[in-house]
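Participant: model this:
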Amino acid sequence: MPKTKTDAASGTTDTPVTPATQDDFDLGSLQQALEGDKRYKADKEELLKLYEQMLLIRRFEEKAGQLYGLGLIGGFCHLYIGQEAVAVGLQSALDGDKDSVITGYRDHGHMLAYGIDPKVIMAELTGRAAGISKGKGGSMHMFSVEHKFYGGHGIVGAQVPLGAGLAFAHKYNEDGGVAMSYFGDGAANQGQVYEAFNMAALWKLPIIFVIENNQYAMGTAVNRSSAETHFHRRGSAFRIPGMQVDGMDVLEVRKAAEIALEYVRAGNGPVLMELNTYRYRGHSMSDPAKYRSREEVQGVRDKRDPIEHAKAELVELGMSEDTLKDLDKTVRKQISEAADFAESSPEPEMSELYTDVLVERY
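Facilitator: Predicted structure coming up:
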């Protein structure tokens with residue numbers, strides 16, 4: 001018999017009380033699925049493509065750092081070096097024709113992973129008219145409706161409710177798309193994040209919330225700033241299943257993405273993924289990163305670098321070192337051409353100050 005609730009004052013019984021249930025799903029079910037089969041089974045050609053995309057991001061960001069040092073990139077500039085496996089692994093599983101992506105201001109890598117031309121990204125970094133936002137957005141505020149990439153946002157955490165809005169649009173339009181909203185371990189403590197979680201879960205929106213946990217936010221270690229450092233648990237109060245993923249292993253990231261996408265596309269609502277990763281540079285180009293030792297950074301580079309791990313696996317699959325060296329030369333040339341294109345492109349006309357200020361048409 002179900003237990004009943006008794007009024008303490010009158011001694012009368014009230015509504016039957018039944019034990020709490022998990023309804024028809026387990027919040028840990030996706031994690032269990034990943035633990036049972038952690039890595040995507042990529043053949044040599046697939047792994048080579050993922051490796052090339054990560055290498056493209058690494059070489060692009062290295063060049064961006066050089067241009068910043070030369071004064072050709074102004075304002076803030078946040079590099080993605082070390083975190084390449086996250087964007088590449090996740091976005092390689094998306095459908096570029098219908099799925100949308102939104103992130104914070106460390107956005108160059110996500111754009112490259114979604115197939116956007118390095119030339120127009122580099123031109124945007126250098127404030128040129130040929131840039132993807134006409135040179136007016138710079139490093140932090142890039143945008144492309146054509147590529148379903150919706151920013152590049154400078155306000156910490158603001159992209160999370162905006163991502164929920166993108167997911168609402170996908171559901172409303174019945175276009176089959178899924179929104180992927182990235183944010184960091186620092187932004188994970190923002191109140192607006194949890195408002196977005198609640199609405200996304202309540203309306204079963206097709207969205208994957210991705211926490212890129214690079215361990216330090218702007219410069220404070222997660223265990224000094226967060227009471228709950230297992231960020232994938234943060235959705236539990238909203239009945240959002242969580243996943244904890246090695247963000248330095250591109251094949252594990254890809255596998256986790258496929259599990260999450262299958263769940264979301266089936267109409268089950270949002271998923272929260274925590275990707276444990278690491279950035280090699282400071283929070284931005286102006287950050288000397290004195291809050292961690294050089295030995296710590298070098299240790300991650302030596303033992304966990306996502307590109308070097310993928311390279312080693314390619315060699316095991318029979319790819320020659322010479323072929324991989326030639327690929328690196330090709331990528332470096334591509335990035336060099338992007339930098340030359342940016343430097344030789346004109347700056348926006350002064351009249352551009354008055355365009356894109358107001359929305360003229362809804």
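
Participant: now the strands for this structure?
Facilitator: Using DSSP state E, the strands of the chain run over 3-6, 13-17, 100-102, 179-184, 207-213, 242-246, 271-276.

Participant: which one of those lies closest to L314?
Facilitator: Checking the strands of the chain against L314 by Cβ to Cβ gives strand 242-246 as the closest, at 18.5 Å. For the C-beta atoms, the positions are set from N, CA and C on the backbone; glycine is no exception.

Participant: now do that closest one: distance to the chain's middle.
Facilitator: 13 Å (Cα atoms, centre = their mean, to the nearest Å).

Participant: CA atoms only: put that strand into CSV for me.
Facilitator: C-alpha atoms of strand 242-246 as CSV (Å, rounded to 0.1, in the frame of the first residue of the first chain):
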residue,chain,number,x,y,z
GLY,A,242,24.9,14.9,-18.0
MET,A,243,28.1,13.5,-19.6
GLN,A,244,31.7,13.9,-18.6
VAL,A,245,34.1,13.6,-21.5
ASP,A,246,37.9,13.7,-22.0
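
Participant: quick one: residues in contact with it.
Facilitator: With Cβ atoms under 8 Å, 6 or more residues apart in numbering as the test, strand 242-246 has contacts from 27-28, 30-31, 34, 230, 232-236, 252-253, 256, 259-260, 271-276.

Participant: in the stretch 101-250 of the chain, where is pLDDT below threshold?
Facilitator: Of all residues in the stretch 101-250 of the chain, none has pLDDT under 70.

Participant: where do the helices sit along it?
Facilitator: Using DSSP state H, counting those that start in this stretch, the helices found in the stretch 101-250 of the chain span residues 108-113, 118-125, 159-173, 191-202, 222-225, 250-263.

Participant: dump the ones you listed into TSV; add distance to A289 as well.
Facilitator: TSV is the format used below for the helices of the stretch 101-250 of the chain (distance: least, Cβ to Cβ, whole Å):
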stretch	distance to A289
helix 108-113	18
helix 118-125	21
helix 159-173	24
helix 191-202	25
helix 222-225	15
helix 250-263	24
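
Participant: and of the ones you listed, who's closest to V331?
Facilitator: That would be helix 118-125 among these, by Cβ to Cβ, at 9.6 Å.

Participant: residues in contact with that closest one?
Facilitator: The contact list for helix 118-125 (Cβ under 8 Å, 6+ apart) reads 56, 60, 63-64, 67, 73, 77, 108, 111-112, 129-133, 135, 137-139, 142, 334-335, 337-339, 341-342, 345.

Participant: any idea which of the helices of the stretch 101-250 of the chain is most buried?
Facilitator: Most buried of the helices of the stretch 101-250 of the chain by mean neighbour count (mean count of other Cβ atoms under 10 Å) is helix 108-113; its value is a mean of 27.

Participant: counting by contacts, list what that helix packs against.
Facilitator: helix 44-69, helix 84-91, helix 118-125 (3 or more Cβ pairs under 8 Å, 6 or more residues apart in numbering; DSSP states H and E).
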